[in-house]
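In: sequence unknown, structure follows:
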């Protein structure tokens, strides 16, 4: 019978084993068995056991085969490793050798061809590292034990690290790649010489090691991932491959980083498919023809029994929760509202929205958009992922009001926070027994204390806000009535009807006191008038510095004399600067152009603080109420025709004020200017279509009259200073004195019409 033909690799494997064994008789038996089994090593060992070879030699043969497999049939290295003291198995090799010790056994000239590296030593180191990685794959538990013993594993607590090594040493046959930690910890000697208080931390570290080694092709990958606090395939899979390679490529190498990411992605997909398959098989289709007569509870029990038979430490409830907890489709689906919400938060956690600077793999949420979101909406991270929260319809305005009310009540904490942006504190409200109909009809979590704060606030200009009165107005408007109508119709001299929260009187005089009755009537009429204008008493106080109740009313009812300041303190009149949101009078009146804090800086301070539009401000300044000295009619036309600044014209007025001729110089200047300026304007700004032509001319007498009657009053006008100043044209012809006189003559001719 012809000897079966072996492949080239099998021939090399056989030669390597024979070189390590040395004995010709044993080598012949190995060769015969190897050829007969066609390289099937399990069959070779079975044949050798019946050929008279002792157990020690058989173990040495098996070791040689395993070493040949991980070294690529490198006979010299296999022989060197197998001949080490106390090495009788691959576990011993893994416990006693790391990449550097393997490299020390390799002669540079013996490195296989094709090994990467620029120098002979670098090639030897790379070859040793590849051998060590293969040993890690086959003897993962032993390699991790050695790394724990030599402090190569990044476990901060040295005592726990030592106990982890002891756990592996207590169970030499434990394969962390194939056996669950939950099964390993049930073995009798699992925690031998490990104190009880250290057992839970050891279990936690072992779970981390089992998850991390599953995605790590090299021991170095285990170390780097643990340093980065990455302990699951899920964490890696949530990152893009590009981001993961950018983060770990330098430490692991691009190829190894890509392998880690691919392993994690495959594990995530495998787990998801397995979980969905298990869930679907137990959940059933709801069709009796497919599901049969077995109930869902029965299928759950079948699953638990199958897991127990296969010694898998898992049950249905540990994977999916209680069967009776929730039966709705949304809660059982990754497409449900709660799942979608968590997915969005997870996206913000693992992506900083900048592909060049990812936060994936970093512990916590620091530096991520999720951190900023939770600074502004901390209630979101505390919402329960329930069907009630997801499916109960409620008005969006109620959510907004709840947030703003909560912010007002916790504003002091917000102001004291030093983060950027500051951390908000918000109350969390979960929907419990309320129905959509209830929530649509009536707000459920109104914080009325917040409206007490708003009632007494005076800045910004939209405050104070009186929520009860506002609600009454809205309700009465719905009934085609108004609060003004009610007050006017049912007005009473009973002071209790309109006290509006002001201090109650001390010892009120008799009800027939005519003076007190007059004061009460005045208060009632003030309240009615304020309501007609849509004002509350708090707004009335801001505008008038008086309440509906006059000072004399408090003096009569409290039997004491009040100063104006005491009265204003009682009715809560605040300093003017507080109404504009300032902390001090100096800030409000500041004219420092480097700081621009005061109200005189219209664009930066006045308009934002008052909420007034610029166009509205201009319209207000044009009213007689704001500017009573604003000229009207022809006087306004004359003022608008002047092209000189008021400050410049003031320099032409002489002092003292009693001088009857103090305006003579100014009048003469303006009369001459009225002859020259239009002509200069025509030269600088030609108007061939005569669009800006005015047929009305201003006489010298009109100018003189305007100066005497209106010039001083114009100086009292409130105006807006734009900051612009007159400028000369940037381009033009520079002429001499004769040229100027010729132009002057032309101007006179144009203005006189001669």
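Out: Sure, I can see it. Computed from a predicted structure; not experimentally measured.

In: what helix or strand does the most centrally placed residue in the chain sit in?
Out: Nearest residue to the geometric centre of the chain (Cα atoms, centre = their mean): residue 372, 2.3 Å. For residue 372, the element it lies in under DSSP states H and E is helix 369-376.

In: now that helix: buried residues?
Out: For helix 369-376, a neighbour-count test (16 or more other Cβ atoms under 10 Å) marks 369-371, 373-374 as buried. Yep, even glycine has a C-beta here, placed from its N, CA and C like the rest.

In: re earlier: in this structure the residue nearest to the centre of the chain contacts residue 421, no?
Out: Yes. Here residue 372 lies in contact with residue 421, judged by Cβ atoms under 8 Å, at a distance of 7.0 Å.

In: run the chain-centre distance for the helix or strand following the helix holding residue 372.
Out: If you walk from helix 369-376 toward the C-terminus, the next helix or strand you reach (DSSP H and E) is helix 387-391. Distance, stretch centre to chain centre, for helix 387-391: 24 Å (Cα atoms, centre = their mean, to the nearest Å).

In: same question, stretch 157-175
Out: On Cα atoms, centre = their mean, the centre of stretch 157-175 falls 42 Å from the chain's centre.

In: which parts of it are buried?
Out: 160-171, 174.

In: cool, and stretch 337-345?
Out: Within stretch 337-345, judged by 16+ other Cβ under 10 Å, the buried ones are 338-339, 345.

In: now, among these, which is nearest to residue 27?
Out: Of all the buried residues of stretch 337-345, residue 27 sits closest to residue 339, with 63.4 Å by Cβ to Cβ.

In: for that closest one, pull up the helix or strand it's in.
Out: Applying DSSP H and E, one finds residue 339 within helix 337-350.

In: same question, residue 100
Out: Assigned by DSSP H and E, residue 100 falls within helix 99-104.

In: domain ranges for this protein?
Out: As given by automatic domain parsing, the domain ranges for the chain are 267-392, 450-574, 634-752.

In: quick check: angle from the helix holding residue 372 to helix 337-350?
Out: Going by axes from the mean of the first three to the mean of the last three Cα atoms, to 10 degrees, helix 369-376 is angled at 110 degrees with respect to helix 337-350.

In: just how off-centre is helix 369-376 within its chain?
Out: With Cα atoms, centre = their mean as the basis, the mean position of helix 369-376 lies at 3 Å from the chain mean.

In: let's have the buried residues of helix 369-376 in CSV, adding distance to residue 539 and pLDDT.
Out: As requested, the buried residues of helix 369-376 are exported to CSV (distance: Cβ to Cβ, whole Å; pLDDT from 0 to 100):
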residue, distance to residue 539, pLDDT
369, 41, 88
370, 42, 90
371, 41, 91
373, 37, 93
374, 37, 94
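
In: returning to that earlier point: can you tell which of the domains of the chain is closest to residue 441?
Out: Nearest of the domains of the chain (Cβ to Cβ): domain 267-392, 13.0 Å.

In: right, and residue 212 touches residue 231 too?
Out: Yes. Residue 212 lies in contact with residue 231 (Cβ under 8 Å); the separation is 6.1 Å.

In: how about the strand or helix carrying residue 711: buried residues?
Out: With elements taken from DSSP H and E, the one containing residue 711 is helix 700-714. Residues 702-704, 706-707, 710-711, 714 are the ones in helix 700-714 that count as buried (16+ other Cβ under 10 Å).

In: tell me the helices and strands packed up against it.
Out: Contacts defined by 3 or more Cβ pairs under 8 Å, 6 or more residues apart in numbering; DSSP states H and E place helix 700-714 against helix 634-641, helix 664-684.

In: could you tell me the least trusted of the ones you listed?
Out: With a mean of 73, helix 664-684 has the lowest mean pLDDT of these.

In: can you check which helix is longest in this structure?
Out: helix 254-283 (DSSP state H).

In: which SS class is residue 229?
Out: coil (DSSP: H, G, I helix; E, B strand; the rest coil).

In: what pLDDT is listed against it?
Out: Reading off the model, residue 229 has pLDDT 89.

In: can you give me the helices for the stretch 501-650 of the chain?
Out: 514-532, 537-544, 551-558, 564-570, 576-579, 585-589, 607-610, 614-621, 634-641, 646-650 (DSSP state H, counting those that start in this stretch).

In: and of these, who's closest to residue 190?
Out: Going by Cβ to Cβ, the one of these nearest residue 190 is helix 607-610, 69.4 Å.

In: any idea of the mean pLDDT in the closest one?
Out: 94.

In: repeat that for stretch 201-209.
Out: 94.

In: how many neighbouring residues does the spatially closest residue to residue 644 that is not a sequence neighbour have?
Out: Excluding its sequence neighbours, the residue lying closest to residue 644 (Cβ to Cβ, 6 or more residues apart in numbering) is residue 673, at 7.4 Å. Residues lying near residue 673 (other Cβ atoms under 10 Å) number 16.

In: same thing with residue 52?
Out: Neighbour tally, residue 52, other Cβ under 10 Å: 9.

In: check contacts around it.
Out: By Cβ atoms under 8 Å, 6 or more residues apart in numbering, no residues touch residue 52.

In: next, give phi and psi for it.
Out: phi 90, psi 10 (degrees, to the nearest 10).

In: ok, it to residue 29 distance?
Out: Residue 52 sits 8 Å away from residue 29, going by Cβ to Cβ, to the nearest Å.

In: residue 95: neighbour count?
Out: Counted with other Cβ under 10 Å, residue 95 comes out at 20.

In: test my guess that it contacts residue 148.
Out: No. Taking Cβ under 8 Å as the definition, residue 95 is not a contact partner of residue 148, at 11.1 Å.

In: ok, back up a step: could I get the helices of the stretch 501-650 of the chain as a markdown table with distance to residue 719?
Out: Listed next are the helices of the stretch 501-650 of the chain as a markdown table, based on distance: least, Cβ to Cβ, whole Å:
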| stretch | distance to residue 719 |
| --- | --- |
| helix 514-532 | 33 |
| helix 537-544 | 25 |
| helix 551-558 | 37 |
| helix 564-570 | 32 |
| helix 576-579 | 21 |
| helix 585-589 | 18 |
| helix 607-610 | 16 |
| helix 614-621 | 7 |
| helix 634-641 | 11 |
| helix 646-650 | 8 |
